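J.: I would like to see how this sequence folds:
(2 chains)
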Number of protein chains: 2
Amino acid sequence: MNSLTAVGSIAYDSLETPFGRRDRALGGSAVHFALAANLFTDVGVVGVVGDDFDGESVLTERGIDTAGIQQIAGGTTFAWDGRYGFDLNVAETLDTRLGVFADFDPQLSEAEAASPVLFLGNIQPDLQRSVRRQSKAGLVALDSMNLWIEIAKESLLGAISEVDCVILNDGEARQLTGEATLVKAARAISQQGPRIVVIKRGEYGAALFTDQGFFGVPGYPLEEVFDPTGAGDSFAGGFVGYLAATGQTEPDLEHLRRAVAYGSIVASFNVEEFGTERVQRLTRDEVELRVAEFHAMTSFTLI
Amino acid sequence: MNSLTAVGSIAYDSLETPFGRRDRALGGSAVHFALAANLFTDVGVVGVVGDDFDGESVLTERGIDTAGIQQIAGGTTFAWDGRYGFDLNVAETLDTRLGVFADFDPQLSEAEAASPVLFLGNIQPDLQRSVRRQSKAGLVALDSMNLWIEIAKESLLGAISEVDCVILNDGEARQLTGEATLVKAARAISQQGPRIVVIKRGEYGAALFTDQGFFGVPGYPLEEVFDPTGAGDSFAGGFVGYLAATGQTEPDLEHLRRAVAYGSIVASFNVEEFGTERVQRLTRDEVELRVAEFHAMTSFTLI
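T.: Residues are numbered from 1 along each chain as shown, chains lettered A, B, ... in the order given. Down below sits the predicted model:
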């Protein structure tokens, strides 16, 4: 049994940014999440791929448990073609080929259901609810995206009401709740049930809202951003992975703060190269070094 | 002689936000700046008004030196009519009536020129250069806006090359330098001369770049934002005002960090009510209380 089970997409991303391009880079929410979480704890991935999939070694070489990855004979792996302009905050989808992901209906094994921590990556919210109900986890975190707010809002609100932690970006949080300020949007989300709400703000950092208080960090200052794909999932992987490593399913504010810092720093590495290239060779020492630097960069003293 | 002299606009703002409206609210860069800076140090304002101006008591009641405010008989005070939609980050200008501000040609008195710290609020950059050359200040800070980047970029770059500290918002910093990341934009600005570059990011916080290092804070989390007018000038007033109060014209990183925190917190009060309404009755105790809260909200511990 792993400390952490992650369910989500496994994909091949064809990416174009102002700084270059990559064809069929390994990606998907579960992949980016697991590579990040794996820096902190043992993690297993539940997902689906076609028989064109050859990326498993990237995961197994890092010690990630791939027993939950189902390979469908005759099927093709989910593929996303996207482009970023000079403003790397906005992705333009050129093509989406769902492949085997269209019929994804994740079933947890007994060991996967017993993981104390569960991450529900960005998939259709009814599937997230199905997985959540199969799991005995004490801490369940959920990510989503604007698509589901637009076409499956009631399902998503239902899924949110059944988890402990919601991780969204700020545009999504506002869109979901109709609230203008993040404080109100976060409160509206936590009133659905989750006791932990994390708002990702891309290059602007991240904010944490809990009944124990607020915590915020700015973005780690980067000279270059090559490819923002997977930054949100890397953040979630660092955040949830660190929490899973503590062994607490009811983390206190001190651990939650540190988890936000870890999430931010892993995401900062993720965007420095294409796809998973940077995080798949990232070490815990590199993370600790940059977290310490980040700590110094965000500290001030009172008079 | 005051510790700090501020040159900029004095205006009547007619404001409309989703939360209400105000006709002829006292405003302008020098007014918002001085009310904020005055919480920390003694400050004098250099500006121009028409004979319709009746806002001086708001400044003098706070102990702000108004000797440098010139009243032009038969003229009218600069007036700005603006509107904010649901997205309070974007102001729509409905009307601008320059009035006496059209012929503003600030001349510093001997005492004003002798102030150890000078703030050049958002006015035409050639005027900023003229004032800078009249001043003997050891620390000169400059604010500007997109208008001058568009119509007087060379003048603005000249003004920037002659000051110690530049305070811009992130869109302006990117527009001025053509750089995509804030790190590169800040470096490009400091290569023009200034040793301190502060980037305001509205609700997302603020970032400081110096040759001694980087510092960043998220935005103070607000339940409601009523009117963002003057937030940038309030930030600058808290930042420069605190530095002026230290008596150092070559502030170290510790003081600069704290100055960013003070700027952020004064700005957070500014946006809670219309125009200058909140800051003109703000006390230093209220600022200290919120800065301490902000310190707690942005601190995390390393393992």
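J.: let me see the backbone angles for A:Leu94.
T.: Main-chain dihedrals, A:Leu94, degrees, to the nearest 10: phi -90, psi -40.
J.: so who does the residue nearest to it when sequence neighbours are not counted touch?
T.: Spatial nearest neighbour of A:Leu94, chain neighbours left out: A:Asp81 (4.2 Å); criterion: CB to CB, 6 or more residues apart in numbering or on different chains. Every C-beta, even on glycine, is put in place using the N, C-alpha and C of the backbone. Listed by CB atoms under 8 Å, 6 or more residues apart in numbering or on different chains, the contact partners of A:Asp81 are A:13-14, A:93-96.
J.: buried residues in the helix or strand that A:Asp81 is a member of, which are they?
T.: A:Asp81 is located in strand A:78-84, with elements delineated by DSSP states H and E. Neighbour counts over strand A:78-84 (16 or more other CB atoms under 10 Å in any protein chain shown) mark A:78-82, A:84 as buried.
J.: then stretch A:168-182?
T.: For stretch A:168-182, by 16+ other CB under 10 Å, it's A:168-170, A:172-177, A:179-182.
J.: which among the contacts of A:Asp81 gets closest to B:Ala113?
T.: A:Thr93 (58.5 Å; CB to CB).
J.: state the mean pLDDT of stretch A:98-111.
T.: Averaged across stretch A:98-111, pLDDT comes to 96.
J.: one more: stretch A:65-80?
T.: Average pLDDT, stretch A:65-80: 97.
J.: now do it: distance to the chain's middle.
T.: Distance, stretch centre to chain centre, for stretch A:65-80: 19 Å (CA atoms, centre = their mean, to the nearest Å).
J.: what's it in contact with?
T.: Stretch A:65-80 has contacts (CB under 8 Å, 6+ apart) with A:2, A:5, A:9-14, A:24, A:27-28, A:42-53, A:56, A:59-60, A:93, A:95-101, A:108-109, A:112.
J.: swap in stretch A:176-185?
T.: Residues from elsewhere that reach stretch A:176-185 (CB under 8 Å, 6+ apart): A:149, A:153, A:156-157, A:168, A:170, A:173-174, A:187-189, A:199, A:207, A:209, A:214, B:18, B:86-88, B:203, B:221-225.
J.: per-residue pLDDT, A:Phe86?
T.: 72.
J.: nope, A:Phe214 is what I was after
T.: For A:Phe214, pLDDT reads 97.
J.: and the longest helix seen in chain A, what does it pack onto?
T.: Counting residues, the longest helix found in chain A (DSSP state H) is helix A:253-270. Judged by 3 or more CB pairs under 8 Å, 6 or more residues apart in numbering or on different chains; DSSP states H and E, helix A:253-270 is in contact with helix A:29-37, strand A:196-200, strand A:206-210, strand A:213-217, helix A:231-246, helix A:284-297.
J.: deepest in the core, which of the ones you listed is it.
T.: Mean neighbours per residue, mean count of other CB atoms under 10 Å in any protein chain shown, is largest over the helices and strands packed on helix A:253-270 for helix A:29-37, with a mean of 31.
J.: re earlier: same list (the contacts of A:Asp81) but as JSON lines, adding secondary structure and neighbour count.
T.: Output for these, formatted as JSON lines (DSSP: H, G, I helix; E, B strand; the rest coil; neighbours: other CB atoms under 10 Å in any protein chain shown):
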{"residue": "A:Asp13", "secondary structure": "strand", "neighbour count": "24"}
{"residue": "A:Ser14", "secondary structure": "strand", "neighbour count": "19"}
{"residue": "A:Thr93", "secondary structure": "strand", "neighbour count": "10"}
{"residue": "A:Leu94", "secondary structure": "strand", "neighbour count": "12"}
{"residue": "A:Asp95", "secondary structure": "strand", "neighbour count": "9"}
{"residue": "A:Thr96", "secondary structure": "strand", "neighbour count": "13"}
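J.: so how far is the strand or helix carrying A:Asp126 from its chain's centroid?
T.: Assigned by DSSP H and E, A:Asp126 belongs to helix A:125-134. Centroid separation for helix A:125-134 versus its chain: 17 Å, with CA atoms, centre = their mean.
J.: can I get it in CSV, CA atoms only?
T.: The C-alpha coordinates for helix A:125-134 follow below in CSV (Å, rounded to 0.1, in the frame of the first residue of the first chain):
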residue,chain,number,x,y,z
PRO,A,125,-16.2,15.1,-11.7
ASP,A,126,-18.6,12.1,-11.6
LEU,A,127,-15.5,9.9,-12.0
GLN,A,128,-13.9,11.8,-9.2
ARG,A,129,-16.9,11.0,-7.0
SER,A,130,-16.8,7.4,-8.0
VAL,A,131,-13.2,7.1,-7.0
ARG,A,132,-13.6,9.0,-3.8
ARG,A,133,-16.4,6.5,-2.8
GLN,A,134,-14.1,3.6,-3.5
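J.: ok, which stretches of the stretch 51-200 of chain A are strands?
T.: For the stretch 51-200 of chain A, the strands defined by DSSP state E, counting those that start in this stretch cover A:65-72, A:78-84, A:91-97, A:117-120, A:139-143, A:165-169, A:196-200.
J.: the fourth one pairs with which strands?
T.: Taking DSSP bridges as the criterion, strand A:117-120 pairs within the sheet with strand A:4-7 (parallel), strand A:139-143 (parallel).
J.: between helix A:125-134 and the last one, find me the angle.
T.: In terms of direction (axes from the mean of the first three to the mean of the last three CA atoms, to 10 degrees), strand A:139-143 departs from helix A:125-134 by 170 degrees.
J.: which residues sit against strand A:139-143?
T.: Identification of contacts with strand A:139-143 by CB under 8 Å, 6+ apart yields A:8, A:29, A:116-122, A:128, A:132, A:159-160, A:162-168, A:194, A:196, A:232-233, A:236, A:239-240, A:243-244, A:249-251.
J.: does the residue nearest to A:Arg97 when sequence neighbours are not counted have beta-bridge partners, and which?
T.: Nearest residue to A:Arg97 in three dimensions, chain neighbours excluded: A:Ala79, at 4.4 Å (CB to CB, 6+ apart). Counting by DSSP bridges, A:Ala79 is bridged to A:Tyr12, A:Arg97.
J.: what separation do you get for A:Ala79 and A:Ala11?
T.: Distance, A:Ala79 to A:Ala11, by CB to CB, to the nearest Å: 6 Å.
J.: same thing with A:Thr17?
T.: Separation of A:Thr17 from A:Ala11 (CB to CB) stands at 17 Å.
J.: contacts only, for the residue nearest to A:Thr5 when sequence neighbours are not counted.
T.: Leaving out its chain neighbours, the residue that sits closest to A:Thr5 by CB to CB, 6+ apart is A:Ser115, at 4.0 Å. Shown in contact with A:Ser115 (CB under 8 Å, 6+ apart): A:1-5, A:44, A:135, A:137.
J.: try it again at 10 Å.
T.: Residues in contact with A:Ser115 (CB atoms under 10 Å, 6 or more residues apart in numbering or on different chains) are A:1-6, A:42-44, A:108, A:135-139, A:244.
J.: now swap in A:Ser9 and tell me
T.: Going by CB under 10 Å, 6+ apart, A:Ser9 touches A:27-33, A:47-49, A:77-78, A:80, A:98, A:101, A:104, A:121-123, A:233.
J.: give me the pLDDT value at the residue nearest to the spatial centre of chain A.
T.: Nearest residue to the geometric centre of chain A (CA atoms, centre = their mean): A:Asp233, 2.5 Å. Note on A:Asp233: pLDDT of 97.
J.: so how far is B:Arg21 from the nearest residue to it once chain neighbours are set aside?
T.: Leaving out its chain neighbours, the residue that sits closest to A:Asp233 by CB to CB, 6+ apart is A:His32, at 3.6 Å. Distance of A:His32 to B:Arg21, given as CB to CB: 46 Å.
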